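*Asks:* Predicted model follows, preceded by the sequence.
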Number of protein chains: 2
Amino acid sequence: MTAPTPVETQLRDAGLKATRTRIAVVAALRDLGGHQTADEVSTALAANDAVVSRATVFNALDDLTRAGLVMVADAGPGATRYEWADRWHHHFVCTSCGAISDVACPEDSPRCVDAPGVEGTVDDVQVIFRGTCSSCIGPGAETT
Amino acid sequence: MTAPTPVETQLRDAGLKATRTRIAVVAALRDLGGHQTADEVSTALAANDAVVSRATVFNALDDLTRAGLVMVADAGPGATRYEWADRWHHHFVCTSCGAISDVACPEDSPRCVDAPGVEGTVDDVQVIFRGTCSSCIGPGAETT
DNA sequence: GCTTCACTTAGACTATGTCTAGTTTAGACA
DNA sequence: TGTCTAAACTAGACATAGTCTAAGTGAAGC
């Protein structure tokens, strides 16, 4: 018997079972890095001999998000993108090429921006910066 | 011949034709208020005897967004929500009931939050506050 | 070892958004 | 005012994302 990994501990702390699938999903997101769709996660799992059904991937990502192990990277319409919740940060979306990059959160905290006049409790704040990334501005920029 | 409305002027300024459909879409969003899906806009147009195809609604909303007449209210997965771009603001999403409400932007500007370390140009910043709204906190709260 | 219940599965289903080719129309210009 | 052209609109097929359901599986508590 080996000691539980931090992922297993965090899952149990969130009242969830530390199943093979969930651990594999976290590992896949950590290994892949960046911002992956549910479909990309599913493909990565399959490549690691851990074939899981679509519904299970969605369920697992949803559970892991609530457990704080996975972050949703909102980038507008299209497939929802997930990433390993290493540290709290925001996102920059290039409106030209669609690339998503991380933007460091100065306070590394889900409550980094003040919410004036919100009637309710704020759990976290996601900031999305939209614009044109340096590679699209530079010479040979895509003009889609 | 009547003088062009502000909507018509803004469309032409953006290099777009001021068609009946586009004007009707803006009017529908303004009249409905709040955050509407493409489907809801389509239904509202149909109710006003302005039946348009789904593709046209998506095209029109896309064009109007680029013209600055319509704002996209990102609220995570699900249908994209649009609203009349009255003034720049952010959004509060209740994770319990899914309601979206506007949060005044202190600076009323698309560049209200600093983007530290972004490699590129930032055109606008959208802040999404997530939490529980007052009606879900209070007695008789929904527990969906 | 037994029991319970959360988790997983397959796949049908719904919702959302895109694409294409032909038709219509707004707006420029003579 | 009439004509022309490119942009906009249409219908509907298609693609993709996400949800739902019912039955099977297995982890964890007793």
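*Replies:* Nice, thanks for sending it over.

*Asks:* Kindly report the domain assignment for chain A.
*Replies:* A:1-85, A:87-144 (automatic domain parsing).

*Asks:* sec struct for the spatially closest residue to A:K17 that is not a sequence neighbour, please.
*Replies:* Leaving aside its chain neighbours, A:K17 sits nearest to A:L11 (7.1 Å; criterion: CB to CB, 6 or more residues apart in numbering or on different chains). In this view, the C-beta of every residue, glycine as well, is placed from N, C-alpha and C. Put simply, A:L11 is helix when judged by DSSP: H, G, I helix; E, B strand; the rest coil.

*Asks:* Enumerate every residue touching A:L11.
*Replies:* A:L11 makes contacts with A:17-18, A:22-23, A:64, A:67, A:69, as judged by CB atoms under 8 Å, 6 or more residues apart in numbering or on different chains.

*Asks:* Would you check which of these are in contact with DNA strand D?
*Replies:* With CB under 7 Å from any atom of the strand as the criterion, these include A:17-18 near DNA strand D.

*Asks:* For the contacts of A:L11, name the two members farthest from one another.
*Replies:* The largest separation in those, counting by CB to CB, is between A:K17 and A:L69 at 13.5 Å.

*Asks:* So these two - more neighbours on which side?
*Replies:* A:L69 (23 against 10; other CB atoms under 10 Å in any protein chain shown).

*Asks:* Just to check, that one is in contact with A:V26?
*Replies:* Yes - using CB atoms under 8 Å, A:L69 makes contact with A:V26 at a distance of 5.4 Å.

*Asks:* quick one: common contacting residues for those two?
*Replies:* A:7, A:84.

*Asks:* wait, doesn't A:H90 sit right on A:I128?
*Replies:* Yes - with contact defined as CB under 8 Å, A:H90 reaches A:I128; the gap is 7.0 Å.

*Asks:* Please say which of these two ends up with more neighbours.
*Replies:* More neighbours surround A:H90 than the other of A:H90 and A:I128, with 24 against 21 (other CB under 10 Å).

*Asks:* OK, contacts around that one?
*Replies:* A:H90 neighbours (CB under 8 Å, 6+ apart): A:102-105, A:126-129.
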